[in-house]
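> Next input, structure requested:
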Amino acid sequence: MFQNETKMEYLTRLVVIADDITGAFDTGVQFSKRGASVQVAVGARLGEEAPRADVVVIDAETRHRTARDAYHETYRIASAVGAWRAPHLYVKTDSGLRGNIGPAIKAVLDATGEDFAAFAPAYPDINRVTRDGCQWVDGQRIEDSVYGRDLFEPVRTSRVGQLLSPYGLNVCECKAPCKLAYGPSTAAVFDAECNEDFHRIARLIRDEGRLRVTAGCAAFAASLPAYFGLPDRAAEAPEVHAPLVIVCGSLNPVTRYQFEYGERMGYKRVILSRRQLLEADYLESEDGRRLLASLGDVMRSRRTLMLDTGLDVPKDEPDDCLEETRVLIARRLGALLLRMLGMEEARDYTPMIIGGDTLIAFLTQAGFPRVVLEGEVSAGVVMFSMVFRGRTLRMLSKSGGFGSRTLLGDVVSERMKGRCQ
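Numbers count the residues shown, from 1 in each chain. Model prediction:
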């Protein structure tokens with residue numbers, strides 16, 4: 001279990017159930033950076049011991065599971081945490097509308113016996129808004145955006161309610177001002193185009209006594225600490241020191257654009273081959289040793305290093321093969337980063353992992369070390385620390401679909417820019 005501090009006694013105020021680890025991190029940090037104690041756990045490792053934190057964030061790892069499996073796993077977790085008697089539950093969803101959103105919200109309502117969930121899926125700071133019940137990304141309906149072209153999970157509809165109603169949820173679309181509708185298994189989908197809209201929504205559902213189950217991405221969560229009775233004091237964003245070593249397992253086009261920008265900044269981009277990504281013992285081979293040596297050469301030059309999968313997975317590959325490929329790539333990238341972090345050349349580098357699959361694979365192979373959420377560098381980019389080989393290592397993580405094209409340059413602290421590329 002990961003946490004940001006230790007205290008003697010807690011009354012857990014909030015449980016967050018996320019569908020992947022980057023979502024767990026970027027939501028948990030919204031509360032830790034405001035002074036709340038936060039624990040992050042992986043659902044499969046969830047024990048019976050009561051938590052010792054104001055907020056417990058659970059990674060259910062359901063992003064890529066079937067709707068049925070996602071429902072049952074979320075139901076299991078929501079039922080298990082009922083003994084903690086936390087007054088609030090938050091279903092963390094993807095602002096790109098990927099994953100099993102409807103099954104997760106329905107599972108939490110069924111497990112808790114509640115009949116209403118307030119759902120605000122927008123993320124205005126990165127140009128994702130909900131307007132008239134539809135999700136828009138950078139001025140496009142989401143099915144026409146990069147999310148509609150996602151290789152593993154393309155979004156087929158912009159109307160949020162259509163992702164909910166097939167799973168037994170009664171959808172109420174809410175604009176400002178609005179009157180809430182109530183009934184069994186009701187999910188209210190709220191429009192939001194700026195961060196103030198989240199506070200308007202929170203005040204409305206507070207006044208209606210409907211704060212028990214809420215849902216959305218990290219942006220809606222960021223507006224809720226005071227309404228949940230949690231600390232709400234601002235903290236400065238942590239500084240990121242160059243150079244970076246960036247490992248990307250995401251095939252999202254957003255990340256491709258960010259890597260192209262990084263190349264223009266002078267960063268070294270290494271596109272790994274299918275053999276390097278998929279062969280189990282590659283790093284132990286002669287070619288694998290040569291790869292590690294070449295990466296060491298780059299790091300001795302103190303250039304920011306970007307390790308990329310490229311877009312080499314055929315789109316006509318069967319779904320079961322795509323799933324196997326996704327898992328293997330994440331596992332190999334996690335192993336490669338662990339090996340690199342053991343190299344002397346990497347000691348002054350800040351590691352960054354892009355993509356939830358790669359992050360969970362890395363943490364798994366690292367033995368699930370204690371993780372501290374240090375803060376949010378920019379929207380969706382989380383700094384966390386862990387103990388690695390006897391030293392504290394600060395790292396960054398983000399979802400593959402997060403951020404502007406210039407993000408890989410923007411996250412570096414201004415005073416460090418120009419020292420290292």
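
> per-residue pLDDT, the spatially most distant residue from the centre of the chain?
Distance from the C-alpha centroid of the chain, by CA atoms, centre = their mean, peaks at residue 286 (35.6 Å). At residue 286, the model reports a pLDDT of 97.

> gap between it and residue 280?
16 Å (CB to CB, to the nearest Å). Yep, even glycine has a C-beta here, placed from its N, CA and C like the rest.

> one step back: contacting residues around the residue farthest from the centre of the chain?
Applying CB atoms under 8 Å, 6 or more residues apart in numbering, we find residue 286 in contact with no residue.

> Show me the contact partners of stretch 26-35.
Outside stretch 26-35, the residues that touch it by CB under 8 Å, 6+ apart are 4, 14, 16, 18, 38, 40, 54-55, 57, 90, 92, 217-218, 221-222, 225, 230-235, 373, 375-376, 380-382, 397-399, 402.

> again, but for stretch 266-282
Counting by CB under 8 Å, 6+ apart, 246, 259, 262-263, 285, 287-288, 291, 295, 298, 303-310, 312, 325, 328-329, 332-333, 408, 421 sit against stretch 266-282.

> Drop anything exposed from those.
Neighbour counting by 16 or more other CB atoms under 10 Å classes 246, 259, 262, 288, 291, 295, 298, 303-310, 325, 328-329, 332-333, 408, 421 among the contacts of stretch 266-282 as buried.

> Quick check: phi and psi on residue 308?
The phi/psi pair for residue 308 (degrees, to the nearest 10) reads phi -130, psi 140.

> Skipping its backbone neighbours, what lies nearest it in space?
Distances taken as CB to CB, 6 or more residues apart in numbering put residue 271 closest to residue 308, at 4.9 Å, once the chain neighbours are dropped.

> List the buried residues for the helix or strand harbouring residue 198?
Here residue 198 sits within helix 195-207, counting by DSSP states H and E. For helix 195-207, burial by neighbour count (16+ other CB under 10 Å) applies to 197-198, 201-202, 204-205.

> what about dumping the CA coordinates of the helix or strand following that helix to CSV?
Remark: after helix 195-207, the chain's next helix or strand is strand 213-216, criterion DSSP H and E. What follows is strand 213-216, C-alpha atoms only, in CSV (Å, rounded to 0.1, in the frame of the first residue of the first chain):
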residue,chain,number,x,y,z
VAL,A,213,-21.4,8.9,-4.6
THR,A,214,-19.6,11.2,-7.1
ALA,A,215,-17.8,10.4,-10.3
GLY,A,216,-15.4,12.1,-12.8
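
> Can you name the next helix or strand after strand 213-216?
Next along from strand 213-216, by DSSP H and E: helix 218-222.

> for residue 115, what are its contacts?
109, 182-186.

> hang on, the earlier thing: filter the contacts of stretch 26-35 down to the buried ones.
Using 16+ other CB under 10 Å, the buried ones in the contacts of stretch 26-35 are 4, 14, 16, 18, 38, 40, 54-55, 57, 90, 92, 217-218, 221-222, 225, 230, 373, 375-376, 380-382, 397-399, 402.

> Can you pull out the low-pLDDT segments for the stretch 151-300 of the chain?
Where the stretch 151-300 of the chain drops to pLDDT under 70, the residues are 176.

> show me where it has strands.
For the stretch 151-300 of the chain, the strands defined by DSSP state E, counting those that start in this stretch occupy 170-174, 186-190, 213-216, 244-248, 268-271.

> Adding distance to residue 143, write those strands out as TSV.
Listed next are the strands of the stretch 151-300 of the chain as TSV, based on distance: least, CB to CB, whole Å:
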stretch	distance to residue 143
strand 170-174	18
strand 186-190	16
strand 213-216	20
strand 244-248	24
strand 268-271	29
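
> wait, which of these is closest to residue 352?
strand 244-248 (4.5 Å; CB to CB).

> Give me the sheet partners of the closest one and which way each runs.
Taking DSSP bridges as the criterion, strand 244-248 pairs within the sheet with strand 305-308 (parallel), strand 350-354 (parallel).

> residues making contact with it?
255, 259, 262, 267, 299, 304-309, 333, 336-337, 340, 346, 349-355, 358, 362, 396, 400, 408, 412.

> likewise stretch 332-347?
Residues from elsewhere that reach stretch 332-347 (CB under 8 Å, 6+ apart): 245, 247-249, 276-279, 282-283, 292, 295-296, 299-300, 307, 309, 351, 353, 358, 361-366, 388-389, 393.

> Of those, which belong to helices?
Within the contacts of stretch 332-347, residues falling in helices by DSSP state H are 276-278, 292, 295-296, 299-300, 358, 361-365.

> Fine, thanks again, bye for now.
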